[in-house]
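Visitor: Sequence plus the predicted model coming up.
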Amino acid sequence: MKRLLAIFALSLALTVSATPGHAEGNAATGKDTYISRCWSCHSVEKGGPDKIGPNLYGLFGATAGKRAASYASRHSAELKKSDIVWSEETLDKWLAGPEKFVPGTKMPFVGFPKKTDRDDVIAYLKSVTQ
Ligand code: HEC
């Protein structure tokens, strides 16, 4: 009986921990989405080139517009003074509509209306930029 209870408690704990507060994206799907929607303007690997937008390595925890020294002079004043710190939460807002989140930004991207697209791309970015 004790053993059964222990198994029950364990499976309960596993169920709870498998239900995070927010949806975890799928990095593999996110990679495909990234390649079709972001790659033309951004590289992700360490030391990768700036394209139309800055290289995104080291994104998480960095302050918007102040991370990529090589791109500093090309950033919009609006993004530089936004004081946004990049995290899953702020990236979610950014990718839902950059122009809504930071009016005046130079990133010409309409945004992903679907939360799953944003979650997937964020999961991919987490897996390759840190
Ligand atoms: C047509 C080119 C273009 C596309 C497509 C594009 N971006 Fe950007 N991105 C930019 C530009 C330009 C900036 C700089 C914006 C500014 O300074 O206002 C930028 C900035 C960013 C930043 C802020 C970087 C920092 O250091 O603060 C992130 C994060 C970002 N883009 C992610 C993405 C993701 C993810 C996608 C795909 C969903 C994407 N971008 C699609 C051009 C693009």
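Guide: That came through fine.
Visitor: For the ligand, see how far away the residue lying closest to residue 106 once chain neighbours are set aside is.
Guide: Of all residues not flanking residue 106 in the chain, residue 76 sits nearest, at 4.4 Å (CB to CB, 6 or more residues apart in numbering). For every residue, glycine as well, the C-beta is placed using N, CA and C. With distances taken as CB to the nearest ligand atom, to the nearest Å, residue 76 is found 3 Å from the ligand.
Visitor: Residue 124 now?
Guide: According to CB to the nearest ligand atom, residue 124 and the ligand sit 9 Å apart.
Visitor: Which element, helix or strand, includes that residue?
Guide: helix 115-128 (DSSP states H and E).
Visitor: What backbone torsions are found at the residue nearest to residue 110 when sequence neighbours are not counted?
Guide: If the residues on either side of it in the chain are set aside, residue 110 comes closest to residue 97, at 7.3 Å by CB to CB, 6+ apart. Per-residue torsions, residue 97: phi 170, psi 90 (degrees, to the nearest 10).
Visitor: and residue 97, how many neighbours?
Guide: Neighbour count for residue 97, taken as other CB atoms under 10 Å: 14.
Visitor: try the one 4 residues further on
Guide: Close neighbours of residue 101, defined as other CB under 10 Å, add up to 20.
Visitor: For it, give me the pLDDT.
Guide: Among the per-residue scores, residue 101 shows a pLDDT of 98.
Visitor: Over to residue 24?
Guide: Looking at residue 24, its pLDDT stands at 89.
Visitor: Ok, residue 91 next?
Guide: As predicted, residue 91 sits at a pLDDT of 98.
Visitor: Show me which positions of the helix or strand containing it end up buried.
Guide: Element membership for residue 91, per DSSP H and E: helix 88-96. Neighbour counts using 16 or more other CB atoms under 10 Å place 88, 91-92, 94-96 of helix 88-96 among the buried residues.
Visitor: Give me the subset of those residues that also touch the ligand.
Guide: Among the buried residues of helix 88-96, the residues lying close to the ligand (CB under 6 Å from any ligand atom) are residue 95.
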